[in-house]
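A.B. asks: Model the following, please.
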Amino acid sequence: MTTQPHPSGPDLPPHSPTQEVSRWLAAFGAALHDQDTTAATALFEPGGYWRDLVTFTWNLKTLEGREQIADMLRAQLGSVQPTDWQIEGEATEEGGVTEAFLTFETATARGRGHLRLRSGLAWILLTTMLELKGFEERKGPRRDRGAQHGVVEDRRNWLDRKTQDESELGFKRQPYVLIIGGGQGGVALGARLRRLGVPAIIVEKHARPGDSWRQRYHSLCLHDPVWYDYLPYMPFPDDWPVFSPKDKIADWLEMYTRIMELNFWGSTEAKAAVWDDVAQEWVVTVERAGQEVTLRPKQLVLATGMSGIPNRPEFPGMADFQGTQVHSSGFRGGQDWAGKTAVVVGSNNSAHDICADLWEHGADVTMVQRSSTHIATSDSLMELSLGPLYSEEAVASGITTDQADLIFASIPYRVLPDMHIPLYQEIAARDADLYSRLEKAGFLLDFGDDGSGLFMKYLRRGSGYYIDVGASELIADGKVKLRSGVNVERVNAHSVTLTDGTELPADLIVYATGYGSMNGWAARLISQDVADRVGKVWGLGSGTTKDPGPWEGELRNMWKPTQVRGLWFHGGNLHQSRHYSLYLSLQLKARMEGISTPVYGLQDVHHLT
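C.D. replies: Model prediction:
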């Protein structure tokens, strides 16, 4: 896949974008070869960025400015030994920014990256690990033969070997990695590890892969488009719907788990885990179909999603309520609530979806909006935000999913808000009529603390927004009733009293009140002390609402080493599960094979939850 640099010659203009990138890569490669950090950092803008996904730092780390870049190079260059910097394909130039994909190698790995130059200097460099040398996936020319030709006594076919492996792993042999959680994150990582030859078990409390989707409310669909949501190695069929219904995704996950031959333990709940410092491994007790099993993995991955344990509020009088009250995670649909009154506490994605589902089934619904919410219509997001990289048009223009993922990952989180503010200003103008009608209905709107919109809210806090697929119209039209700027004062036997004195009759109360930090799972499974040593999971440290500083520059503790040895967190949406599972799997494989993995910039702990 490596493309040789394009030489000077009559076939290229004397100052083409491709030549500009080739010259920069040649100078950069020479400086790194000579371990001349001064020359290497001089090739960046003074405030330039280098985002590294594992190759140089064995971490997920964004370096901001020449000083941070130089410090990393001084610490890591001797062990990394980067070489063979090559441009991949042709460079492009637009608006004074020259962009190109690139490839390179290190002492232990092959990598791929993306470069943006301005006036000949690097504004943004992305480097990512693609594969470990000597431990490549068994694919293409390295794939297994499958069949054993000839006459073999006591022949064991594929099914025999698969059955034996499944019966032994976890009993006669221990997994190197134990993954807690069998949703999209767990199975994506499991597939990566399987291809790398890393023995792994996925434990999931539900019986079947996909049950975490099947058991959600009836109307649930993905809000992200199909091109954004592929699992590793296996794109959806080209007639797959743009927005996937929950049961279709559930069946896909179950099929994927079988085809990828993952060791998936359904109906299995992890009960406790403790680190054995002598054996340097985890001791994890799980209950599998009523049987207690002890597993001893070297690495433990909590793949329980980007959210932690449900935030179940405590309001006076809840114990006296005579109707049904449930957290949004336990809501199964509005089909039983026709002609009944429902109060939904919350105003983000789940709250809107549940309100719409209840209204469609004939319930009288009131949303209680406690604080302002960002609304972005699905059509506007599709066209203006995701469309350039993840759409039918992007595919037609030659942008592959891998390329889209690299471009998407190449923008440092520090830079993203300034890029997104004008985008959401355009969305505000485009959907001005909807926003005006929502405000007239009393809905409290925002576009984030700095106007940067939905995706930054997702990264900073994982909440505070709704992708509108119809519920906003119900609120604007008054079909779903609204009480905003208030909270629940108390719950009565058949009603809810709000802080402004309003009393709402209720047969059903749904608490769409979100989730805690993912490290809540670590506290429950291992100990509060371990959870505190990990600190907050998710968020960037932006100093905005629900994302306290200091600035981290990467999602806290996600897909990278934590302050607790052998403990990892994996989650996020389908896109993140696909893309970042690659880097987590390579980190785990390297440790299994005894490759030196000197971690640069291990995250400090500033917040416990």
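
A.B. asks: Okay, now the unreliable bits of the stretch 301-450 of the chain?
C.D. replies: Counting by pLDDT under 70, the stretch 301-450 of the chain has low-confidence residues at 307.

A.B. asks: what ranges do the helices span in it?
C.D. replies: Ranges of helices in the stretch 301-450 of the chain, per DSSP state H, counting those that start in this stretch, are 349-360, 378-380, 392-396, 401-409, 416-430, 432-440.

A.B. asks: How many neighbouring residues does residue 242 have?
C.D. replies: By other Cβ atoms under 10 Å, 14 other residues sit near residue 242. (Each C-beta comes from the backbone N, C-alpha and C, glycine too.)

A.B. asks: need the helices of the stretch 301-450 of the chain in JSON lines with distance to residue 330 and mean neighbour count, can you?
C.D. replies: Output for these, formatted as JSON lines (distance: least, Cβ to Cβ, whole Å; neighbours: other Cβ atoms under 10 Å):
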{"stretch": "helix 349-360", "distance to residue 330": "11", "mean neighbour count": "24"}
{"stretch": "helix 378-380", "distance to residue 330": "26", "mean neighbour count": "16"}
{"stretch": "helix 392-396", "distance to residue 330": "37", "mean neighbour count": "13"}
{"stretch": "helix 401-409", "distance to residue 330": "33", "mean neighbour count": "18"}
{"stretch": "helix 416-430", "distance to residue 330": "33", "mean neighbour count": "16"}
{"stretch": "helix 432-440", "distance to residue 330": "28", "mean neighbour count": "14"}
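
A.B. asks: residues near residue 486, how many?
C.D. replies: So residue 486, with other Cβ under 10 Å, has 14 neighbours.

A.B. asks: Out of the helices of the stretch 301-450 of the chain, flag the one nearest residue 510.
C.D. replies: For the helices of the stretch 301-450 of the chain, the distance to residue 510 is smallest for helix 349-360, at 5.5 Å, taking Cβ to Cβ.

A.B. asks: how about that closest one as PDB, C-alpha atoms only?
C.D. replies: Extracted C-alpha coordinates of helix 349-360, given in PDB (Å, rounded to 0.1, in the frame of the first residue of the first chain):
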ATOM      1  CA  ASN A 349     -32.200  12.100  23.000                       C
ATOM      2  CA  SER A 350     -33.800   9.400  25.100                       C
ATOM      3  CA  ALA A 351     -36.400  11.800  26.600                       C
ATOM      4  CA  HIS A 352     -37.500  13.000  23.100                       C
ATOM      5  CA  ASP A 353     -37.600   9.500  21.700                       C
ATOM      6  CA  ILE A 354     -39.700   8.200  24.600                       C
ATOM      7  CA  CYS A 355     -42.100  11.200  24.400                       C
ATOM      8  CA  ALA A 356     -42.600  10.600  20.700                       C
ATOM      9  CA  ASP A 357     -43.100   6.800  21.300                       C
ATOM     10  CA  LEU A 358     -45.700   7.400  24.000                       C
ATOM     11  CA  TRP A 359     -47.500  10.000  21.900                       C
ATOM     12  CA  GLU A 360     -47.700   7.700  19.000                       C
END
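
A.B. asks: Show me what it is in contact with.
C.D. replies: Residues outside helix 349-360 that contact it (Cβ atoms under 8 Å, 6 or more residues apart in numbering) are 217-220, 223, 328, 331, 333-334, 337, 342, 344-345, 365, 367, 465-468, 470-472, 474-475, 479-480, 508, 510, 512.

A.B. asks: Let's see which of the residues you listed end up in strands.
C.D. replies: 342, 344, 345, 365, 367, 465, 466, 467, 468, 508, 510 (DSSP state E).

A.B. asks: Quick one: residues contacting the first one.
C.D. replies: It refers to residue 342. Residues in contact with residue 342 (Cβ under 8 Å, 6+ apart) are 334, 358, 363, 364, 365, 366, 506, 507, 508, 509, 510.

A.B. asks: Just give me the closest of those to residue 518.
C.D. replies: Ranked by distance to residue 518 (Cβ to Cβ), the contacts of residue 342 are led by residue 510 at 23.0 Å.

A.B. asks: May I have the beta-bridge partners of the closest one?
C.D. replies: Beta bridges link residue 510 to residue 326, residue 344 when assigned by DSSP bridges.

A.B. asks: Wait, it touches residue 328, no?
C.D. replies: Yes: if you go by Cβ atoms under 8 Å, residue 510 and residue 328 touch, sitting 5.8 Å apart.

A.B. asks: intersection of neighbour lists for these two?
C.D. replies: Residues touching both residue 510 and residue 328 by Cβ under 8 Å, 6+ apart: 346, 351, 354.

A.B. asks: got a list of what the closest residue to residue 312 other than its chain neighbours touches?
C.D. replies: The spatially closest residue to residue 312, leaving aside those adjacent along the chain, is residue 327, at 5.3 Å (Cβ to Cβ, 6 or more residues apart in numbering). Contact criterion Cβ under 8 Å, 6+ apart gives 310, 311, 312, 510, 511, 512, 513 as the residues in contact with residue 327.

A.B. asks: repeat that for 6 Å
C.D. replies: Counting by Cβ atoms under 6 Å, 6 or more residues apart in numbering, residue 327 makes contact with 310, 312, 511.

A.B. asks: And the strands in the stretch 451-600 of the chain, which stretches?
C.D. replies: Using DSSP state E, counting those that start in this stretch, the strands assigned to the stretch 451-600 of the chain run over residues 465-468, 481-484, 488-491, 495-498, 503-505, 508-511, 567-569.
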